[in-house]
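Peer 1: Curious how this folds, go ahead:
(one chain, ligands or ions: 1)
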Amino acid sequence: MKRIRSARRLQSAVRSARSKGESVGFVPTMGFLHEGHLSLVRRARRDNDVVVASIFVNPLQFGPGEDFESYPRDLARDRRLLRSEGVDFVYEPAAADLYPREFATRVVVDGLDQALCGTRRPGHFAGVTTIVTKLLNAAGPDRLYLGQKDFQQAVILTRMVEDLDFAVKVVVCPTVREADGLAMSSRNSYLTTEERAFAPELFRALSKVRKLVQAGEIKTAASAVKRVESLLKDGPGRIDYIEILSREDLGRVRKLSGKLVLAVAYYLGKARLIDNVWIQAPKGS
Ligand code: PAF
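Peer 2: Next up is the predicted model:
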């Protein structure tokens, strides 16, 4: 596995692979890797001749007072894991190179950030779309691998790729969970023992309500949200949002029908956890 710090170097390494007709898969990460990231790497490894992963904690996507400084980091372990998964190139840019003092550009996808984390973390998705644009320009991949846990991110990046004609296919892979259902996240490392014991309740609550919607027993968005709220109300943390939206465009729905996503964000100690499940509501419900 080759470590690369400059965009130019990565571009030329990828260009030389492509000139031999090799396909390139790309997995962007902020490091502190877990099985969720590794599942993306494995999928990329299966689909492509060459796999590029990036590790960069992107300051642009953190708001004031968020956890940029304390975000967990373990570069040596990350490199070991990526090497053992057969990654060819790991891109580890420096913030000063990606964002020199005169850096002035933002890539913004309108509209899709008017729900979920977009309304709670102003500027977050502009930070994500800007960095992913830069990473795609550096890695020039055929396929980009993203996780379903960050569902709004996946929807926004898919829109961006289409709108800006990036010649890359977005592959969204299922959320990887701990044995008790907790969605894997680098931020789970913030949880105390007591918080960790409660954390799987998020997925349990979402799954329970998914079942009720799919059985036609819950028919409106308001009652779905209320039901999740009541399942979580005695927990040690605080609900940031619970929303049920159209899966296609993240639009609001009143009556539940078609393809939906039920999503939660929950403050638990130092962590803000997010999770979501996909729901297929029955016809005519
Ligand atoms: O999902 C993440 O870890 C980040 O948002 C990403 C896509 C690597 C951009 O910084």
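Peer 1: residues from the stretch 151-285 of the chain in reach of the ligand?
Peer 2: residue 153 (CB under 6 Å from any ligand atom). (Glycine included, C-beta is placed from N, CA and C.)
Peer 1: ok, for the residue of the stretch 151-285 of the chain found nearest the ligand, nearest residue in space, not its chain neighbours?
Peer 2: Nearest residue of the stretch 151-285 of the chain to the ligand (CB to the nearest ligand atom) works out as residue 153 at 5.7 Å. In space, not counting the residues next to it along the chain, residue 153 is nearest to residue 128; the distance is 5.8 Å by CB to CB, 6 or more residues apart in numbering.
Peer 1: tell me what the helix or strand harbouring that neighbour is packed against?
Peer 2: Taking DSSP states H and E as the definition, residue 128 sits inside helix 124-139. Under the contact criterion of 3 or more CB pairs under 8 Å, 6 or more residues apart in numbering; DSSP states H and E, the helices and strands touching helix 124-139 comprise helix 7-19, strand 24-29, strand 50-55, strand 89-91, helix 116-120, helix 151-163.
Peer 1: okay, those in TSV with mean pLDDT and mean neighbour count next?
Peer 2: Conversion of the helices and strands packed on helix 124-139 to TSV gives the following (pLDDT from 0 to 100; neighbours: other CB atoms under 10 Å):
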stretch	mean pLDDT	mean neighbour count
helix 7-19	98	15
strand 24-29	98	26
strand 50-55	99	26
strand 89-91	98	23
helix 116-120	97	18
helix 151-163	98	20
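Peer 1: ok so, going back, alpha carbons of the helix holding residue 128, in PDB - could you do that?
Peer 2: The C-alpha atoms that make up helix 124-139 are tabulated as PDB, following Å, rounded to 0.1, in the frame of the first residue of the first chain:
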ATOM      1  CA  HIS A 124     -22.100  20.800   7.400                       C
ATOM      2  CA  PHE A 125     -23.100  19.400   4.000                       C
ATOM      3  CA  ALA A 126     -21.400  22.200   2.100                       C
ATOM      4  CA  GLY A 127     -18.300  21.100   3.900                       C
ATOM      5  CA  VAL A 128     -18.900  17.500   2.900                       C
ATOM      6  CA  THR A 129     -19.700  18.300  -0.800                       C
ATOM      7  CA  THR A 130     -16.700  20.600  -1.000                       C
ATOM      8  CA  ILE A 131     -14.200  18.100   0.300                       C
ATOM      9  CA  VAL A 132     -15.700  15.200  -1.600                       C
ATOM     10  CA  THR A 133     -15.400  17.300  -4.800                       C
ATOM     11  CA  LYS A 134     -11.700  17.800  -4.100                       C
ATOM     12  CA  LEU A 135     -11.200  14.100  -3.200                       C
ATOM     13  CA  LEU A 136     -12.900  13.000  -6.400                       C
ATOM     14  CA  ASN A 137     -10.700  15.300  -8.400                       C
ATOM     15  CA  ALA A 138      -7.700  13.800  -6.700                       C
ATOM     16  CA  ALA A 139      -8.700  10.200  -6.900                       C
END
